[in-house]
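Asks: generate a structure from the sequence data that follows.
(one chain, ligands or ions: 1)
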Amino acid sequence: MLPGSDKRRKVAVLGLGYVGLPLAVAMCEAGHRVAGFDVDAGRLCDIVAGRTGLVDLDHDALARALKRGDLVVTGEPGDLAACEVYLVCVPTPLRDGVPNLSMVLAAVDTVAETLAPGDLVVLESTTWPGTTEEVVAPRLRERTALVAGTDVRLVFSPERIDPGNREYPLARIPKLVGGVTRADGEFAAEFYGTFIDTVHLVSGAAEAELAKILENTFRHVNLALVNELATMYSGTSIDLREAIDAAATKPFGFLPFHPGPGVGGHCIPVDPMYLTRQTRRSGRCLRLVETAELINIGMSTHVVDRVTGLLNSVRMPVRGSRIVLLGAGYKPDVADSRESSAFPIMDRLHQLGAYIRWHDPLLGSVDKGPPGSRVADLDRSLLASADLVLLHTPHAEYVGSELLPAARLTLDAHGALRSRRLPNVHGL
Ligand SMILES: NC(=O)c1ccc[n+]([C@@H]2O[C@H](COP(=O)([O-])OP(=O)(O)OC[C@H]3O[C@@H](n4cnc5c(N)ncnc54)[C@H](O)[C@@H]3O)[C@@H](O)[C@H]2O)c1
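Replies: So this is what the prediction gives:
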């Protein structure tokens with residue numbers, strides 16, 4: 001609880017998803033009062049019923065905050081009237097491969113309805129460097145006549161959470177803050193310091209925006225490097241994963257990245273495109289980052305080729321083969337299928353005439369994959385009757401499963417079964 005009541009704020013969180021809801025709960029735990037706003041009425045009902053779909057969320061803390069009234073969830077912009085801090089946590093997707101800020105602009109318009117002089121507005125959504133000053137500030141001025149940095153405080157502070165990472169919960173991840181003025185940044189840094197252990201203030205909003213996109217582009221490019229190496233050494237006697245582990249024994253100058261069937265989630269495959277597409281608009285090109293995009297997107301084609309090759313090795317055409325895909329989320333032990341390579345892989349194999357079945361114990365209902373291909377339960381007969389099992393996302397439940405040895409041929413896309421030394425298991 002905050003020591004001085006003067007530090008307690010009335011905070012509006014716009015967008016109650018992976019980013020916004022945990023933030024709202026953490027702020028309530030620290031003594032702030034939060035109005036959570038979302039345009040999705042179904043999402044609001046689910047939150048009140050405790051059905052958040054967020055594995056890392058402290059559900060007891062959510063229930064406490066709702067019960068005490070410290071957290072109110074709403075779809076009414078007018079309910080944000082008493083707020084003095086506004087956190088914008090809405091999606092920044094690509095539409096037809098182009099960055100799309102329509103949800104940020106819609107959320108900023110909602111903020112504008114109740115914004116008052118002296119209030120703090122923070123953009124948390126990932127976007128290209130320059131967005132806060134060049135897009136958000138003019139929009140606020142147009143809608144309210146309030147000038148960022150003079151009448152209201154405006155800041156960019158990227159969310160850096162890693163869903164499923166129990167070692168680094170929200171409060172332990174240092175928060176970057178950059179304001180359109182130094183004073184705005186300092187004000188926001190003090191606010192975040194009430195519920196985040198470490199706050200790092202940078203000189204401007206654009207530096208904070210670039211820092212966030214640099215972090216994710218760094219991962220994207222390094223994943224492309226190991227993914228390309230995986231295609232190079234696929235099916236050879238050289239063990240790339242062992243080489244990566246060996247290189248990682250160097251105590252400096254190397255960070256290990258591991259190949260996989262594709263780069264998924266809402267961040268790593270999307271954020272670098274905010275950088276590359278914006279750079280293209282200025283007539284220039286980030287060649288390394290664009291090449292990384294091509295390599296990572298191409299991994300699903302590599303997986304399909306590998307499946308086809310493995311079936312071929314047992315004299316079986318892909319057409320008419322029975323393939324079971326395990327794990328369709330974009331990463332292990334997370335209930336999120338956004339940008340997961342599982343679906344393009346299944347769609348392509350289906351087009352080639354394979355008979356697909358897929359299983360994921362964590363995902364809720366998803367409108368993806370070949371029609372009727374999802375199975376609710378995993379049993380020995382399903383695996384034993386498959387011509388090939390593709391372990392796409394190695395949820396913990398699969399990695400130790402006693403059912404896996406029943407499979408005749410397995411493609412282990414993440415190398416998760418290596419230590420089990422099962423027969424007929426192949427890598428990427
Ligand atoms: N998910 C992550 O792990 C992660 C990590 C770091 C940064 N980010 C970034 O954070 C931002 C939010 O991502 P997310 O994963 O929380 O998205 P999400 O899809 O989980 O949640 C976003 C929520 O915003 C709501 N919304 C959409 N338009 C709105 C509007 N105009 N007003 C109010 N609510 C609105 C949606 O209904 C949804 O509930 C993105 O820019 C993303 O890149 C995400």
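Asks: drop to CA atoms for contacts and neighbour counts, all remaining ones
Replies: OK.
Asks: can you confirm whether the one helix or strand Val11 maps to lies near the ligand?
Replies: Per DSSP states H and E, Val11 falls inside strand 10-14. Yes. Strand 10-14 comes into contact with the ligand (CA under 6 Å from any ligand atom), by way of Leu14.
Asks: partners of that strand in the sheet?
Replies: Next to strand 10-14 in the sheet, as set by DSSP bridges, lie strand 33-37 (parallel), strand 85-88 (parallel).
Asks: got the angle for the helix or strand just after that strand vs strand 10-14?
Replies: Counting by DSSP H and E, the next helix or strand C-terminal to strand 10-14 is helix 20-29. Going by axes from the mean of the first three to the mean of the last three CA atoms, to 10 degrees, helix 20-29 is angled at 170 degrees with respect to strand 10-14.
Asks: and helix 20-29, what does it pack onto?
Replies: Judged by 3 or more CA pairs under 8 Å, 6 or more residues apart in numbering; DSSP states H and E, helix 20-29 is in contact with strand 10-14, strand 33-37, helix 59-68, strand 71-74.
Asks: same list (those) but as TSV, adding mean neighbour count, mean pLDDT and distance to Glu159.
Replies: TSV is the format used below for the helices and strands packed on helix 20-29 (neighbours: other CA atoms under 10 Å; pLDDT from 0 to 100; distance: least, CA to CA, whole Å):
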stretch	mean neighbour count	mean pLDDT	distance to Glu159
strand 10-14	26	98	13
strand 33-37	25	98	17
helix 59-68	16	96	19
strand 71-74	22	98	20
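Asks: which one of the strands paired with strand 10-14 lies nearest to the ligand?
Replies: Closest of those to the ligand is strand 33-37, at 5.6 Å (criterion: CA to the nearest ligand atom).
Asks: now that closest one, how far from the centre of its chain.
Replies: In terms of CA atoms, centre = their mean, to the nearest Å, the centre of strand 33-37 is found 23 Å from the chain centre.
Asks: and the angle for that strand with helix 59-68?
Replies: Relative orientation of strand 33-37 and helix 59-68, computed by the same axes, to 10 degrees: 100 degrees.
Asks: just the buried positions in the following helix or strand past strand 33-37, please.
Replies: Per DSSP H and E, the first helix or strand lying C-terminal to strand 33-37 is helix 41-48. For helix 41-48, a neighbour-count test (16 or more other CA atoms under 10 Å) marks Arg43, Leu44, Ile47 as buried.
Asks: distance to the ligand added to the strands paired with strand 10-14, as CSV?
Replies: Converted to CSV, these look like this (distance: least, CA to the nearest ligand atom, whole Å):
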stretch, distance to the ligand
strand 33-37, 6
strand 85-88, 8
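Asks: burial measure for Asp96, as a count.
Replies: Neighbour count of Asp96, defined by other CA atoms under 10 Å: 7.
Asks: how near is it to Tyr330?
Replies: Asp96 sits 20 Å away from Tyr330, going by CA to CA, to the nearest Å.
Asks: ok, now Leu349?
Replies: 18 Å.
Asks: how about the residues of the stretch 1-150 of the chain near the ligand?
Replies: Residues of the stretch 1-150 of the chain lying near the ligand (CA under 6 Å from any ligand atom): 14-20, 37-40, 89-92, 103, 106-107, 125-126.
Asks: just the buried members of the residues you listed?
Replies: 14-20, 37-39, 89-92, 103, 107, 125-126.
Asks: and the closest residue to Leu94 other than its chain neighbours, how many neighbours?
Replies: Sequence neighbours aside, Asn100 is the residue nearest to Leu94 in space, at 5.5 Å (criterion: CA to CA, 6 or more residues apart in numbering). Counted with other CA under 10 Å, the neighbours of Asn100 add up to 16.
Asks: contact partners for Asn100?
Replies: Residues near Asn100 by CA atoms under 8 Å, 6 or more residues apart in numbering: Thr92, Pro93, Leu94.
Asks: hmm, Arg374 is touching Pro361, no?
Replies: No. Contact criterion CA atoms under 8 Å: Arg374 and Pro361 do not qualify, at 10.7 Å.
Asks: what residue ranges in the chain score low on pLDDT?
Replies: For the chain, the stretches flagged by pLDDT under 70 are 1-5.
Asks: give me the domain ranges for it.
Replies: Following automatic domain parsing, one finds the domains of the chain at 5-205, 299-428.
Asks: export the ones you listed as TSV, with columns for distance to Ser282.
Replies: Converted to TSV, those look like this (distance: least, CA to CA, whole Å):
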stretch	distance to Ser282
domain 5-205	13
domain 299-428	27
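Asks: for Cys267, which of those is the nearest?
Replies: Nearest to Cys267 among the domains of the chain is domain 5-205; the distance by CA to CA comes to 8.2 Å.
Asks: quick one: the closest one to chain centroid distance?
Replies: Relative to its chain's centre, domain 5-205 lies at 17 Å (CA atoms, centre = their mean).
Asks: one more: stretch 213-228?
Replies: Distance, centroid of stretch 213-228 to centroid of chain: 15 Å (CA atoms, centre = their mean).
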